[in-house]
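Q: model this:
(4 chains)
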Number of protein chains: 2
Amino acid sequence: MTTAADERLAGALRAAGHRVTSQRLVLHRVLTDLGRHASAEEIARESAARLPGLSLPTVYATLELFERLGLVRRVDAGGPAALFDPRTESHAHFACRCCGAVLDLDAPVDAGGAEAAARAAGAEPAVVDVVVSGRCAACRAGD
Amino acid sequence: MTTAADERLAGALRAAGHRVTSQRLVLHRVLTDLGRHASAEEIARESAARLPGLSLPTVYATLELFERLGLVRRVDAGGPAALFDPRTESHAHFACRCCGAVLDLDAPVDAGGAEAAARAAGAEPAVVDVVVSGRCAACRAGD
DNA sequence: CTTTTTGCAAATGATTTGCATTAAC
DNA sequence: GTTAATGCAAATCATTTGCAAAAAG
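A: Numbering: from 1, shown residues only, chains lettered A, B, ... in the order given. Model (predicted):
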């Protein structure tokens, strides 16, 4: 069956001159269903369960494509692997230095000053990433 | 000769129960002289020029130690290698998606809301990293 | 049919680790 | 003298690349 989200993805792909493949549809569904940031590895595992044979290079290439299309945001939260976040509205992340956990922070961050400074330097700002690091609740309790 | 900065480093190291080594002194001087973020590789190259034989694993270990002591901040600006910044006061960075250049943005960012959200989640926030991405002046002009 | 996309295997490159040696204290 | 710190070589691991086969338009 084809969902409305599938149609939207197909439209976005065609509009940008890309082909609609089952790999892209599955990856997009996995991201949507997940609704949360995840590493390429996690996304690949979940996707391979739905589309056996799906390869990691394809996962990376597709995530990069999705990022260019504005469908996911790559988040570098300090851990060894990058995270890919289907929540594209601007939101901050908290990264625990002890256990590496990353959680969403639903709070507005006014980075207008930084964007203005970037423009003043002649640059064209597109995205602002805010990562708060520290110790998460679990690590403060346990340890 | 021993500078005032050397003395300060030695004091900070001893206070934390660490030894004062020539490698640590040299790396600290290189960071101070540089005054700007740089990759471990760059820092190692510059440092090896002053202390032949200095190894990369030592550079990484020392930078990690300095980070724990609050003497440098590790900045993950999306590129393949992490950057280490001797400017420890809070400041944002701009990362160019085309050429990978990273520049300092001297503009205040109010991340109070994000920190409050982290505390509300039971976490203990310590550092806030703000990275603005886009196209730098050179890439906008050239290309 | 033509061109993009995929999967596979192998390469890359930053960072880390194990371990014997050296240097701080 | 003890113990932490270093250097070396090798390992790890996320990510990328080259290329032939498969699939989309």
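Q: what does chain A put close to chain B?
A: Residues of chain A found near chain B (Cβ under 8 Å from any Cβ of the partner chain) are A:74, A:76-78, A:92, A:94, A:96-97, A:103, A:105-111, A:113-118, A:121-137, A:140. For the C-beta atoms, the positions are set from N, CA and C on the backbone; glycine is no exception.
Q: restricted to strands, list the residues you listed.
A: If you go by DSSP state E, the residues of chain A next to chain B have A:74, A:92, A:94, A:96, A:103, A:105, A:124-135 in strands.
Q: show me just the buried residues among these.
A: By neighbour count, with 16 or more other Cβ atoms under 10 Å in any protein chain shown, those hold A:74, A:92, A:94, A:96, A:103, A:105, A:125, A:127-135 as buried.
Q: if you average pLDDT over stretch A:32-50, what comes out?
A: Mean pLDDT, stretch A:32-50: 97.
Q: so that stretch, near DNA strand C or not?
A: No. For stretch A:32-50, no contact with DNA strand C is found by Cβ under 7 Å from any atom of the strand; the gap never falls below 8.7 Å.
Q: name the residues of that stretch that are buried.
A: Result for stretch A:32-50 [16+ other Cβ under 10 Å]: buried residues A:37-38, A:40, A:42-44, A:46-48.
Q: quick one: residue A:79 from residue A:112, how far?
A: Distance from residue A:79 to residue A:112, counting by Cβ to Cβ, to the nearest Å: 28 Å.
Q: okay, those two: which has more neighbours?
A: Using other Cβ atoms under 10 Å in any protein chain shown, the more surrounded residue of residue A:79 and residue A:112 is residue A:79, with 15 against 12.
Q: next one: phi and psi at that one?
A: When read as degrees, to the nearest 10, the backbone of residue A:79 gives phi -70, psi 180.
Q: show me what contacts it?
A: Counting by Cβ atoms under 8 Å, 6 or more residues apart in numbering or on different chains, residue A:79 touches A:95, A:100, A:102.
Q: let's see it at 7 Å
A: residue A:100 (Cβ atoms under 7 Å, 6 or more residues apart in numbering or on different chains).
Q: same question for residue A:121.
A: B:94, B:103, B:137.
Q: skipping adjacent residues, who's closest to the last one in space?
A: In space, and not counting its chain neighbours, residue B:137 is closest to residue A:122: 2.9 Å by Cβ to Cβ, 6 or more residues apart in numbering or on different chains.
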